[in-house]
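In: Could you work out the structure for the sequence below:
(2 chains)
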Amino acid sequence: MGLKVFNSLSRKKEDFLPAEKGKVKMYVCGPTVYAPAHIGHARSAVSFDVIYRYLRYRGFDVTYARNYTDVDDKIIARANELGIESGKLAEDNIVAFDSDMGALGVLLPPIRPKATETMAEIISLAEDLISKGFAYELEGDVYFAIRKLSDYGKLSGKNIDNLEAGARVDVDTRKRDPLDFALWKAAKEGEPSWESPWGKGRPGWHIECSCMCMKWLGSTIDIHGGGKDLIFPHHENEIAQSESATGLKPFVRYWLHNGFVNIDKVKMSKSLGNILNIHDALETNTGEAIRFFLLSNHYRSPVDYSAESLKEAGAAIERFYKTVERIHLEGQVAPESSPAAEALQKKMTPIVEAMDDDFNTAGVIGLLFKEITRANRILDEARDAGVEGLSADNRDELGVILALFREAGGFLGLFTTEAESYLNQRKASPPVKAEEIERLIEERKKARQNKDFKKADEIRMGLLERGIELEDNRDGTRWSLKTDI
RNA sequence: GGCGGCGUACCCAAGUGGCUAAGGGAGCAGUCUGCAACACUGCCAUCCAGCGGUUCGAAUCCGCUCGCCGCCUCCA
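Out: Predicted structure coming up:
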């Protein structure tokens, strides 16, 4: 039994064996920071965050890097539109990106290189490729000659000749082959640029990832991740550059790619205007609900976003925390209690097996919800029998379930908030003043004591119309914001 | 045209050769409750797009058909 991962290179699930036992070198393509982060960025970030967390949980010593592409055509174009410097735009978006991802519980990768901070390596790699005959200079540009490689296309399964047949007309007829890609681009007027042996210019898109990867992790890494759309040409070109420069194959042992997010069944795109920004999504949903929604699907499958599905995710999270709160209050089990190791292990085993199977987070969530039902059943039975009805065995099991949530939640990056504070956070800015709600609850309590249920119901309905939901339970009445927004 | 993926109940979604096809939401019937909500219990796919094939045995492997989608151009 061990971890298996789906490798895009072989198109199969393979046993995961890093080059060096116990150590994992992992690189993920980060965002090009020209605009705020959207749900697609979130999917990639969350997917690889879980992979990172789980590898560590499994005892690997993980060196993890995720880059920011901070110089690029789109950044320059956007900065010009806004009339600000492209460097400033990039910096602002990096800060916003980290903040948005943080709200989704994404850990900050320990190594976060930027293209602009890797210029020396980029130039040196391009020179190296020229001297080895894999690249050529053309009027201040430098191109990689893909015909020099017999195995170009191995990651994406492309046949170069078929690609050529279907390729669009390339304006740049100077290149030796239409598929040759730029390692270095000569600067145009007013663009940010760096000195190089070929004059002022800036790097092409693909070379920066090769350089950052090799600079921080070495010539061969274990995991390289990114969205499925990056397979061609970006990752294909990274392989070409890196393997040609070092002569070492493979550059990457396991290529992992996450699937897309569709919005109401169609691909998210600027032309359709259906980009869902994380910042906007966070206005009406907790970050945890968004994360839960993403993890309810396997990371390689396409996921279809809708307001409805996000709402369901929020309800599921709430159910989880309500159960945890019940375990604390009714079960009298302390949050930090540590149960017998064997008992925990028994419940953890199927969860670990699901994660070992190419990070099946959706399967894990299914298993966790079985435990939620189990915990509620124990508590219901105890309640029906009186508090004394909670046997030592039952209490132990609740302790195990809590520990299970803590452990699985640790690598899912879910359920990490204290239950009481999660349940309270949604009350931060209620449409009705908290004091007024409390006052009405008190008034309703008196009415109920006097069996004036008509009045009691009027109060409850009145609050409901204003977006406040009341729930009676043994210990009194609690209120919450109506989930249906 | 080339390459790849997907099609599991009303909706979302695990499962990829072998006990009764996870889990969530919705719905229905109960328990609890003054009522409601929450929670719990039961019901809800003899069947996994369709048709063939391999096998003692397939949702899971193979072939074909239909439908949907992605990549081949910047894209997470």
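
In: Check the residue of the stretch 201-350 of chain A found nearest RNA strand B and give its pLDDT.
Out: Among the residues of the stretch 201-350 of chain A, A:Gly227 lies nearest to RNA strand B; the distance is 2.1 Å by CB to the nearest atom of the strand. Using the backbone N, CA and C atoms, a C-beta is placed for each residue, glycine as well. Looking at A:Gly227, its pLDDT is 93.

In: May I ask you to confirm that it is in contact with A:Gly40?
Out: Yes. Counting by CB atoms under 8 Å, A:Gly40 is a contact partner of A:Gly227 at 7.0 Å.

In: sorry, back to before: need the contact list for the residue of the stretch 201-350 of chain A closest to RNA strand B.
Out: By CB atoms under 8 Å, 6 or more residues apart in numbering, A:Gly227 lies in contact with A:29, A:40, A:43-44, A:257-258, A:260.

In: Around RNA strand B, which positions in the stretch 301-450 of chain A sit nearby?
Out: The stretch 301-450 of chain A has residues A:301-304, A:309, A:312, A:315-316, A:319, A:322-323, A:354, A:357-358, A:360, A:362-363, A:365-367, A:369-370, A:372-373, A:376-377, A:379-380, A:448 near RNA strand B, with proximity defined as CB under 7 Å from any atom of the strand.

In: list residues touching both of A:Gly227 and A:Gly40?
Out: The contact sets of A:Gly227 and A:Gly40 overlap at A:Phe260 (CB under 8 Å, 6+ apart).

In: Do I have it right that A:Gly399 meets A:Glu336?
Out: No. With contact taken as CB under 8 Å, A:Gly399 and A:Glu336 are classed as non-touching, separated by 10.1 Å.

In: what's the distance between A:Leu423 and RNA strand B?
Out: Taken as CB to the nearest atom of the strand, to the nearest Å, the spacing of A:Leu423 relative to RNA strand B amounts to 11 Å.

In: how many other residues sit next to that residue?
Out: When neighbours are counted by other CB atoms under 10 Å, A:Leu423 registers 17.

In: one step back: how close does the residue of the stretch 201-350 of chain A closest to RNA strand B get to A:Ile221?
Out: 18 Å (CB to CB, to the nearest Å).

In: give me every residue that touches the nearest residue to A:Leu104 once chain neighbours are set aside.
Out: Excluding the flanking residues, the one nearest A:Leu104 by CB to CB, 6 or more residues apart in numbering is A:Gly287, at 4.5 Å. By CB under 8 Å, 6+ apart, A:Gly287 lies in contact with A:103-105.

In: Of these - the most surrounded one?
Out: Neighbour max across those (other CB under 10 Å) = A:Leu104, 25 neighbours.

In: Help me confirm that that residue comes into contact with A:Ala42.
Out: Yes. With contacts counted by CB under 8 Å, A:Leu104 reaches A:Ala42, the gap being 5.7 Å.

In: okay, and the common contacts of these two?
Out: Overlap of the contact sets of A:Leu104 and A:Ala42 (by CB under 8 Å, 6+ apart) consists of A:278, A:290.

In: Can you check which helix is longest in chain A?
Out: As assigned by DSSP state H, the longest helix anywhere in chain A is helix A:361-385.

In: that older thread, can you read off the pLDDT for the residue nearest to A:Leu104?
Out: At A:Gly287, the pLDDT value in this model is 93.

In: A:Ala316 now?
Out: In the predicted model, A:Ala316 carries a pLDDT score of 90.

In: A:Asp472 now?
Out: 87.

In: Phi and psi next, for it.
Out: In this entry, A:Asp472 is assigned phi and psi values of phi -90, psi 140 (degrees, to the nearest 10).

In: In the sheet, which residues pair with it? Tell me.
Out: Listed by DSSP bridges, the beta-bridge partners for A:Asp472 are A:Thr477.

In: Give the burial count for the residue of the stretch 301-450 of chain A found nearest RNA strand B, as a bare number.
Out: Across the stretch 301-450 of chain A, no residue is closer to RNA strand B than A:Gly366, which sits at 2.2 Å (CB to the nearest atom of the strand). Around A:Gly366 there are 14 other residues, counting by other CB under 10 Å.

In: got a pLDDT number for it?
Out: 93.

In: same question, A:Ile485
Out: The per-residue pLDDT of A:Ile485 was computed as 39.

In: Also A:Asp393?
Out: What the model reports for A:Asp393 is a pLDDT of 89.

In: buried residues in the helix or strand that contains it?
Out: Using DSSP states H and E, the element containing A:Asp393 is helix A:392-412. By neighbour count on 16 or more other CB atoms under 10 Å, the buried set for helix A:392-412 is A:394-395, A:397-409, A:411-412.
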